[in-house]
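[1] here is the input, now give the coordinates:
(one chain, ligands or ions: 1)
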Amino acid sequence: MREDVQNAVNHVDQHRLWQRHVEMAKIGAIPGSGVNRAAFSKEDIEARKLLISWARARNFTVAMDAIGNLFVRRAGTDAHAAPVMAGSHMDSQPRGGRFDGIYGVLAALEALEAIEEAGATTRHPIELVAWSNEEGGRFAPCTMGSAVYTGAKALSDFLAVKDNEGIALGDALAETLAATPATGKRERNAPAAAYVEAHIEQGPLLEQEGKTIGVVTGIQGLRWFNVEVFGESAHAGTTPVGARKDALRDAIAAINALHELTRDASDTVRFTVGRMLVTPNSPNSVAGHVLFSVDVRHPDLATVARLGDAVEPAVRNAAKHCSVKVTPTLHDDPCAFDPAVADCIERAARALELPHRRMASGASHDAMYMSRVCPTGMIFVPCESGISHNEAENAKPEDLAAGARVLTAALLELANR
Ligand SMILES: [Zn+2]
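    Prediction:
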């Protein structure tokens, strides 16, 4: 590792990074060590103010765009060079944890602090970004800030979206923009030289294998379906079993067939039926109608396509007594990150002698949209038992700091290309 990079990495302060997680976790704290910080809520505004106060203390430039994405910039030596960006999100699930999202923001701030303290110069500016409304828990859909920033979606598509209390996103956003202390304006879709997002893994692999760093190669693809099985409701005591059109029995047969279809010795395919609605849902009635959800994921484009296409035939074949309807509800192709950014992250992990492995992300992230507009990568750190989207989410201070060190080294390399 180059001496100036090592010097900056040495300035990453585990205690400061941990304390900032503790401070942020007080905003929207809920019982069980969790956090409820919905997008564009008063807690979100408070978190933004705290982040801005830390940025201002270092004289970093703070800016915001029209959807409230927040940018903290340390200047580079080339005034025309696009920024190398790093960040994640500050909003949480309604019963979220203290690390999902906020870690990537605070790790980026720690990298900026360390680089500043080391007095390192970079050709490109380095810019922290805190994306608006990544979780989508209050205003659907998720990853809204990065979708709008990269031009994948238009801001106007979302202004009328309402939360459960009938508040329009446009109003909550306007309130957030007005409450955030005077910041510069930032154009949407401004060019970026690269983007690196640090995040807790939200799965168990790193912990199980004793690895500190996940070098993320991409985000797996997914396909969602709603399956409906149409039977005939009947009396459980009087209707002979052989004469029934039992929608639940056929739904179970269909789900078992889908488990067979997605059986995978390497345990890479993710197959989930997480939702089932049974009608009339009565102990002494044969089910007349069943709706269940299907979620299939895999990192490989051809595999996602093959499995997704096989869902409907498998369900039809398995449902012996009823008719079925299969409706696709979501289709995201896998996204592959830039191999050069993954190499850069891996080099940093190796130089810092941190145990690491390459892996695909099981969850979606803002990095998915950024990967469409610039070279992108992600750094995963372990979280306890892989638990996330849960108050019990936990991570170790030393792992968080290790990820911030890798991020610092990677940003310095990318910002001097
Ligand atoms: Zn997240």
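[2] looking at the chain, which helix or strand is least sure?
    strand 184-185 (a mean of 87; mean pLDDT, DSSP states H and E).
[3] tell me which residue of the stretch 201-350 of the chain lies closest to the ion.
    Gln202 (7.3 Å; CB to the ion). Quick note: C-beta positions are derived from backbone N, CA and C, even for glycine.
[4] picking up where we left off before, so which elements touch the least confident helix or strand of the chain?
    When contacts are defined as 3 or more CB pairs under 8 Å, 6 or more residues apart in numbering; DSSP states H and E, strand 184-185 packs onto strand 61-64.
[5] and the stretch 1-150 of the chain, which of its residues are near the ion?
    Asp100, Gly101 (CB under 5 Å from the ion).
[6] partner strands of the least confident helix or strand of the chain, with direction?
    If you go by DSSP bridges, strand 184-185 pairs up with strand 61-64 (parallel).
[7] give me the mean pLDDT for the helix or strand just after the partner strand.
    Proceeding C-terminally, strand 61-64 gives way to strand 70-74 as the next helix or strand, assigned by DSSP states H and E. For strand 70-74, mean pLDDT is 97.
[8] partners of strand 70-74, with directions?
    Counting by DSSP bridges, strand 70-74 is paired with strand 61-64 (antiparallel), strand 126-131 (antiparallel).
[9] for the ion, what's its nearest residue on the stretch 301-417 of the chain.
    Closest point on the stretch 301-417 of the chain to the ion, by CB to the ion, is His365, at 6.1 Å.
[10] returning to what we had before: which one of the strands paired with strand 70-74 has the most crowded surroundings?
    Stretch with highest mean neighbour count among the strands paired with strand 70-74: strand 126-131 (a mean of 29; mean count of other CB atoms under 10 Å).
[11] and the helices in the stretch 201-350 of the chain?
    205-209, 247-261, 301-318, 339-351 (DSSP state H, counting those that start in this stretch).
[12] dump the ones you listed to a markdown table, plus mean neighbour count, mean pLDDT and distance to Thr329.
    Converted to a markdown table, those look like this (neighbours: other CB atoms under 10 Å; pLDDT from 0 to 100; distance: least, CB to CB, whole Å):
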| stretch | mean neighbour count | mean pLDDT | distance to Thr329 |
| --- | --- | --- | --- |
| helix 205-209 | 16 | 97 | 28 |
| helix 247-261 | 20 | 98 | 16 |
| helix 301-318 | 17 | 97 | 11 |
| helix 339-351 | 20 | 98 | 31 |
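[13] mind putting the ones you listed in CSV, distance to Pro125 included?
    Converted to CSV, the helices of the stretch 201-350 of the chain look like this (distance: least, CB to CB, whole Å):
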stretch, distance to Pro125
helix 205-209, 31
helix 247-261, 49
helix 301-318, 34
helix 339-351, 17
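[14] dump those into CSV; add distance to the ion as well.
    Formatted as CSV, the helices of the stretch 201-350 of the chain follow (distance: least, CB to the ion, whole Å):
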stretch, distance to the ion
helix 205-209, 16
helix 247-261, 28
helix 301-318, 22
helix 339-351, 18
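[15] backbone dihedrals for the residue lying closest to the residue of the stretch 201-350 of the chain closest to the ion once chain neighbours are set aside, please?
    Ranked by CB to CB, 6 or more residues apart in numbering and with sequence neighbours excluded, the top spatial neighbour of Gln202 is Ser388, at 3.7 Å. The phi/psi pair for Ser388 (degrees, to the nearest 10) reads phi -150, psi 170.
[16] what residues are up against Ser388?
    Shown in contact with Ser388 (CB atoms under 8 Å, 6 or more residues apart in numbering): Gly97, Phe99, Asp100, Ile200, Gln202, Gly203, Ala363.
[17] residues near the nearest residue to Pro334 once chain neighbours are set aside, how many?
    Nearest residue to Pro334, sequence neighbours excluded (CB to CB, 6+ apart): Gly221, at 3.6 Å. Gly221: 23 surrounding residues under other CB atoms under 10 Å.
[18] check which helix or strand Arg405 maps to.
    Applying DSSP H and E, one finds Arg405 within helix 397-415.
[19] for the residue most central in space within the chain, give me its contacts.
    Centroid-nearest residue in the chain, with CA atoms, centre = their mean: His365, separated by 3.1 Å. By CB under 8 Å, 6+ apart, His365 lies in contact with Ser88, Glu134, Thr143, Glu197, His199, Ile219, Met378.
[20] and Asp22, helix, strand or coil?
    Not Asp; residue 22 is Val. At Val22 the chain is in helix, as set by DSSP: H, G, I helix; E, B strand; the rest coil.
[21] show the pLDDT at Gly137.
    With respect to pLDDT, Gly137 scores 87.
[22] I should have written Ala190 there, sorry.
    With respect to pLDDT, Ala190 scores 79.
[23] next, count neighbours for it.
    15.
[24] let's have the chain start at 387 instead
    Got it, first residue is 387 now, which makes that one Ala576.
[25] including pLDDT, secondary structure and neighbour count, could the contacts of Ser774 go into a markdown table?
    Below are the contacts of Ser774 laid out as a markdown table (pLDDT from 0 to 100; DSSP: H, G, I helix; E, B strand; the rest coil; neighbours: other CB atoms under 10 Å):
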| residue | pLDDT | secondary structure | neighbour count |
| --- | --- | --- | --- |
| Gly483 | 96 | coil | 28 |
| Phe485 | 97 | coil | 25 |
| Asp486 | 97 | coil | 26 |
| Ile586 | 98 | strand | 30 |
| Gln588 | 96 | coil | 20 |
| Gly589 | 95 | coil | 20 |
| Ala749 | 91 | coil | 16 |
